[in-house]
Structure formats: structure tokens, C-alpha cells
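>>> Just to be clear, the model below is a prediction. Sequence and coordinates:
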Amino acid sequence: MEKLISEFSFGLFFWQLLIFVGLLFLLRKYAWKPILTAVDERETSIKEALASAEAARLEMESLQSDNQRILKEARAEKESLLKEAKATRNEIITAAKEEAKTEAQKIMTQAQESIQNEKRAAINELKNQVSTLAMDIAEKVLQKELENKDKQLNYVNQLLKETELK
Amino acid sequence: MPSATHPFYAVLCYTIALFSVPGLGVAKENATSSDLKTEIKEYIGHHLQDAYDFSLFSYTNASGEHVYIGFPLPVILWDNGLKVFSSSQFLHGESVAQVGTNYYAIDHGKIYKTNAEGVIEYDEEHHALNEAPLDFSITKGVASMLLIAGLMFWLFRKLGQSYVANGGVPAGIGRFFEPIVLYIRDDIARPNIGEKKYGKYMSFLLTVFFFIWFLNLLGLTPLGVNVTGNIAITFGLALLTFLITNLTGTKDYWLHIFDPLGGSMKWYAKVPLYIILIPIEVLGIFIKPFSLLIRLYANMQAGHIVLMSLIGLMFIFKSWLGSPLSFGLAFAISLIELLVALLQAYIFTMLSALYFGFAAEEHEHH
């Protein structure tokens, strides 16, 4: 202890305090404050960046789930639309078929009618022509037949004979 | 050397001898062994003390004169007026310095006022009786501190500026020092002092850590400075911790000292206990920084003594076996001292932070 006290140099102690306290204040102003502030700022900015990244990630996730939902909805809508379209198509086809059928039937009936008409007209015409022809032939035959009066008379007589009056 | 008989040591010694610098173990002194031992002892004692000049090394030339290589430092005395002169006037303690009509001489590392012949009178306990002027000299220790202070200011100011210039990222050597600064903040200051108050102690903790560390490291260089192993230095540092602790002490801190049991007992039950407790607590205020100053002083002093003794052993052994072995030991101790340099700085900072934590506490914990 005595050695320690005798070794103690007041001058060294004085200079040590002066240098150290001076250094302390100088470093506080020019080094520690800027360093610690910069480090703090950097740490806050890193924390903020991480937080915003996390927020962005969450937003992405919600967006993705939104997208999925929308996609699902769209798919469902598409399917329902397709189904509807199919139904409509079927309906249209059936309707068209029906219509075509009736139309065809109508046309058929008309055709049959006109055929009948034509047929009737043709028959009538034929009848007329046949009758005319028959008349002509009959006229000619008659003319020829009537050239021979006796014969005719004979025949009429014969006919008359055959015919019994009732 | 009894251990040298062991085969392993023999091999080790040969290996060290092969790789060690030739001539390291060769001493040029012609003195006998016991004289050499005294000389080494004196040399170590001289080295541990502060010096008035910055001598790098000395040798004895052919004509038997001591030749010193180094440079003198200013001596500043207050002796009825300021006296400033160069330490070269002392001729390394061998001569008397004359300033005006006053004469000064060095005895056992201290400056005394003497007559023109430089006679120093002693009492029976070999204490000098001469008048000692107030000594504010820029000694080797002060010069080393100035050097380290300048280095620290330059280094950390540059680090601070590099953040501004580099967008919040340290550049250059700052990349090495930033983790240490952050370690002191996150692992020393924050847990010991608390999140709320650690900021105002940071400057002291950082400065004291790097100051002690750098001075410890400077002590390991061949410049032969022993600053942190000087009681005046460690006393000054511990005094600052003491002052900061007690000047920033909160109400709770003082309550803890003068009313350590708090509301857990009735006042008449506390009185007999407090007759013992309060003196212990008050003593504790002083013992805490005192342990700081003794720990740092003793560790650095011991390290220097061990290291220099081992180096001195080389000159005593003067053999192919002993000298390389003590060189190897000195080398190993140097490596340990590198660790001790950091460890002591850490312990001083850590304990200071712990004491500041006591002073800054604001919650009841009884």
C-alpha cells in the first residue's frame, strides 16, 4: 500500500483526467453521437423495411387469395354460362326442328292439296278430252254409220225389239 | 532447468531454438550472474515506472558508457512559478537540471529540488527529504495517452463521418470497430443500465473501453510503455466511474444505500440492523470503484512483470536450452497478454456499466 502511494504521481493523474475527459467530450461530439445516431437510424430503417416487407407479403397473400376467389367465381360463371348456352342451343334446335316439321307438314299438305287439285284438273281435262274424243269418234262413227240408212234402221229395229217395255 | 530433462521439452526446445532469431539469447554483459539478476530486476522496476523521457532502448558501448536511443519530453514544474525545460537536461537521471537559480534531480522516478551538486538527503527509511515541486511533466505515460487520444479521435471521427458519406454503412476500419461499439451498446450498456437510460452513459463506456484497450495494447509493443499498469491512471479512471455513478444516482439508488430494507420492517426493528448495514453500504460505494482501479492496475502490472522477467531469463540462462524455452514462454505469455488487454478493458467497462445500472435504477426491487 505504501509503495502504491509513493508510486502515485499527481502530475500523471492530472494529465490523465484532463486528457480522458477532453477525449470523452470530443469523441462524444464528433464520434459517438454520429455513430450511435447513424446505427440507430439504420436499425430503425431496417426494422421499417422488414415491417413493410411483411405488410407487402400479407397484402400479396390477400391479393392472391382474392385472385383465387375471383378466378373461382369466373370459372363458376363460365360453367353456368356454358350450361345456359347449351340449354339455349338445345332449345333453339328443338324449336327449329319443331318449326321445320310443321313447315314441312304444311308444305306437304299444300303440295298434296295442289297435287289433288292438279290431279282433279287433269282428270277433268282428260274427261273432257276423252269425251270430246269420244264425241268426235262417235260423230265420225255415226256419220259413217248413218251413211247406210237401212242398216241403221235395222239396228234400231233390232234394238227396239230387244228392248222390252215394262 | 529440471523440466528440460523431459524428452518432450527437449524436443520443444530444439524446435524453438531452430526457429528463433539467432543471437537473441546472447547477452553482451560481462557481469556475473547475480549482478545480472539485480540489473534485470532494476530494469523491470524502471520499466514499470513512468519516465521523463521516451527512451526506446539503451546499450553500453565499447567504452562502457550507456547510450540511450529515444527522445526527451518536456518537464513542467510548479515551484513558485512555472518551470518548463527539456528532460534531456537530466541526462536520464544521471545529472542535475538547472533552471534559473533552481536545481532539480531525479530520484526513484521523482523530481526533487536540490542544491547545485544534486545531493538528495534521506531519512532512516530511505525516503527523500528534499522538497518535491508540483510535477505536471509530459512524461512517457502522458505522451502515450496523448498518442492514443489522438489516434482514437482520428479513428472514431472518421468512422462517424463514414456513416454520413456512405449512407449509414461503415467503411474501411470502421467495419472492424462497429461490431465492438454495438457489442458495448447491446451487451454491456443495455442489459446492465436498462433501455431507458443507457444512452447517457454510452459515451463514457465507449471511451473508457477503447482507451484502456488501446493503452493495454500499446503496453505490449516494444515501446515499453506501462500506462494502464500505473496506479495514477487507474485511479483517475475509477474516480470518473465513481463520480458518474454517484452524481447520476437516482432517489432509489440512495434509498437502497440508506434504507436497504425499505418497508419490509418496522422502523424500530430496522435501527439495530442499520447500525451495521448502512456503514457497509456506504463503504460499498467506495469499494466498488476501488476494486476497479486495483484490478486493472494489478493485472497490467503483473503481466508486464511476468513478460519482462521471462525475457530477462533469456539473458540469465544463456544456454541453447534455457533461453529458447524462456523465449517460447515469453511468446506464449505475450499471446495471453493480448487477450488480457481486451479482457481487462471489457471488465472495467462491464463493471462500470453495472455500477451505473445501480445508480440508474428506478424501480422497487425489495
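On my side now, so go ahead. Since we're looking at a predicted model, the values are computed, not measured. Numbering: from 1, shown residues only, chains lettered A, B, ... in the order given.

>>> Outline the domain layout of chain B.
Chain B breaks down by automatic domain parsing into domains covering B:82-137, B:141-359.

>>> now for these, which one comes closest to A:Ile19?
domain B:141-359 (4.9 Å; C-beta to C-beta). From N, CA and C alone the C-beta is placed, and that goes for glycine too.

>>> Against chain A, how distant is B:Gln301?
10 Å (C-beta to the nearest C-beta, to the nearest Å).

>>> wait, I meant B:Pro260
Counting by C-beta to the nearest C-beta, the gap from B:Pro260 to chain A is 30 Å.

>>> That residue reaches B:Pro279, doesn't it?
No: using C-beta atoms under 8 Å, B:Pro260 makes no contact with B:Pro279, being 11.6 Å away.

>>> When the two are compared, which one has more neighbours?
Between B:Pro260 and B:Pro279, counted using other C-beta atoms under 10 Å in any protein chain shown, B:Pro260 has the larger neighbour count: 16 against 10.

>>> Checking that one next. Helix, strand or coil?
With DSSP: H, G, I helix; E, B strand; the rest coil as the basis, B:Pro260 sits in coil.

>>> Equivalent analysis for B:Lys196, please.
Per three-state DSSP, B:Lys196 ends up coil.

>>> longest helix anywhere in chain A?
helix A:33-146 (DSSP state H).

>>> next structured bit after that one?
Next along the chain after helix A:33-146, taking DSSP states H and E as the criterion, comes helix A:149-162.

>>> Those residues of chain A touching chain B, which are they?
With C-beta under 8 Å from any C-beta of the partner chain as the criterion, chain A meets chain B at residues A:4, A:7-17, A:19-24, A:26-28, A:30-36, A:38-39, A:41-42, A:45.

>>> Filter those down to just the buried residues.
Neighbour counting with 16 or more other C-beta atoms under 10 Å in any protein chain shown marks A:7, A:9, A:11-17, A:19-20, A:23-24, A:26-28, A:30-32, A:34-36, A:38-39 as buried within the residues of chain A next to chain B.

>>> Now do residue 50: how many residues are near it, please.
I'll assume chain A. That count, for A:Leu50 with other C-beta under 10 Å as the rule, works out to 10.

>>> Correction: the question concerned chain B.
22.

>>> The stretch 201-350 of chain B against chain A: which residues are in contact?
Contact residues, the stretch 201-350 of chain B versus chain A (C-beta under 8 Å from any C-beta): B:202-204, B:206-208, B:211, B:230-233, B:235-237, B:239-240.

>>> what two of the residues you listed have the greatest distance between them?
Across those, the longest distance by C-beta to C-beta is 27.5 Å; it joins B:Met202 and B:Ile231.

>>> Now the phi/psi pair for the closest residue to A:Leu26 other than its chain neighbours, please.
Nearest non-adjacent residue to A:Leu26, counting by C-beta to C-beta, 6 or more residues apart in numbering or on different chains: B:Phe153, 5.7 Å away. Main-chain torsions, B:Phe153, degrees, to the nearest 10: phi -60, psi -50.

>>> hang on, isn't B:Phe153 packed against A:Tyr30?
Yes: if you go by C-beta under 8 Å, B:Phe153 and A:Tyr30 touch, sitting 7.2 Å apart.

>>> list residues touching both of these two?
Common contact partners of B:Phe153 and A:Tyr30 (C-beta atoms under 8 Å, 6 or more residues apart in numbering or on different chains): none.

>>> A:Leu153 is in contact with A:Leu146, correct?
No: when contacts are counted by C-beta under 8 Å, A:Leu146 is not listed as touching A:Leu153 (10.4 Å).

>>> sec struct for the spatially most central residue of chain B, please.
Centroid-nearest residue in chain B: B:Thr228, 1.0 Å away (criterion: C-alpha atoms, centre = their mean). Under three-state DSSP, B:Thr228 falls in the coil class.

>>> where does B:Phe71 land in three-state SS?
For B:Phe71, the assignment made with three-state DSSP gives strand.
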